[in-house]
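J.: can you look at this prediction? I've put the sequence above it.
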Amino acid sequence: MITLQNIFLQYASNAGQVNALRDVSLNVAAGESVAIVGPSGSGKTSLLTLMGGLEKPTAGDITVDGVNISALSEDALAQFRRGRIGIVFQSFHLIPTMTALENVAVSLELMGDANAFEKAQQELYKVGLAQRITHYPAQLSGGEQQRVALARALVAAPRVILADEPTGNLDSETGRQVTDMLFALQRERQATLILVTHDEVLAARCDRTLRLKDGQLS
């Protein structure tokens, strides 16, 4: 489902050139769950953004669902992600002026789905927010906001789920509830899951764990 071949990622900073990723190669099978762990600054989030087509590598090839996304334009990448890749961020990234229902439906609306709100409502029910669909993000707890973000990521039934520290802003019990939902929905839909985390207990729930240090996998 996901193949990275000899990936390098470099960018300029005030301190000079930064080698965020160095010669990273990786294969992830369809339906597999993989945790990527490592210290802060090791390149975990950079690796995830590359797999999601949110950033392009300096060198190397990335193939997702049979498509070499390294060769796609920005517009083509945006089109590719729709319906294929769902992303769960640590900081939720909900639109504050939209209700929970509208936040989940918006991606489907952009895809021209006539049943966007019906599907969004069903997804919010699945993550336990049946009574909160008309609430705005400021009216929701952190755990509820992350469940809205999870519903938004999964509503288009993506084949790949990318989760960047999905419990990082949550207390331990709320984090456990959110990850229980994430893994249950991933298994139900047989999606491929890439999970970036500092939490070794959470990483152990995945099929395998990869370690990233100084931009290299081990």
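T.: Received, thanks.
J.: what's the following helix or strand after the helix ranked longest in the chain?
T.: Ranked by residue count and defined by DSSP state H, the top helix of the chain is helix 172-189. Later in the chain than helix 172-189, the nearest helix or strand by DSSP states H and E is strand 192-196.
J.: that next one - contacts with which helices or strands?
T.: strand 33-37, helix 44-51, strand 160-164, helix 172-189 (3 or more C-beta pairs under 8 Å, 6 or more residues apart in numbering; DSSP states H and E). Every C-beta, even on glycine, is put in place using the N, C-alpha and C of the backbone.
J.: next, format the ones you listed as a markdown table and append distance to His198 and mean pLDDT.
T.: Below are these laid out as a markdown table (distance: least, C-beta to C-beta, whole Å; pLDDT from 0 to 100):
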| stretch | distance to His198 | mean pLDDT |
| --- | --- | --- |
| strand 33-37 | 7 | 96 |
| helix 44-51 | 9 | 93 |
| strand 160-164 | 11 | 95 |
| helix 172-189 | 12 | 90 |
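J.: against which helices or strands is the longest helix of the chain packed?
T.: Taking 3+ C-beta pairs under 8 Å, 6+ apart as the contact cut, helix 172-189 packs with helix 142-154, strand 160-164, strand 192-196.
J.: how about JSON lines for those, with mean neighbour count and distance to Gln121 added?
T.: Putting the helices and strands packed on helix 172-189 into JSON lines (neighbours: other C-beta atoms under 10 Å; distance: least, C-beta to C-beta, whole Å) gives the following:
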{"stretch": "helix 142-154", "mean neighbour count": "24", "distance to Gln121": "10"}
{"stretch": "strand 160-164", "mean neighbour count": "23", "distance to Gln121": "21"}
{"stretch": "strand 192-196", "mean neighbour count": "25", "distance to Gln121": "24"}
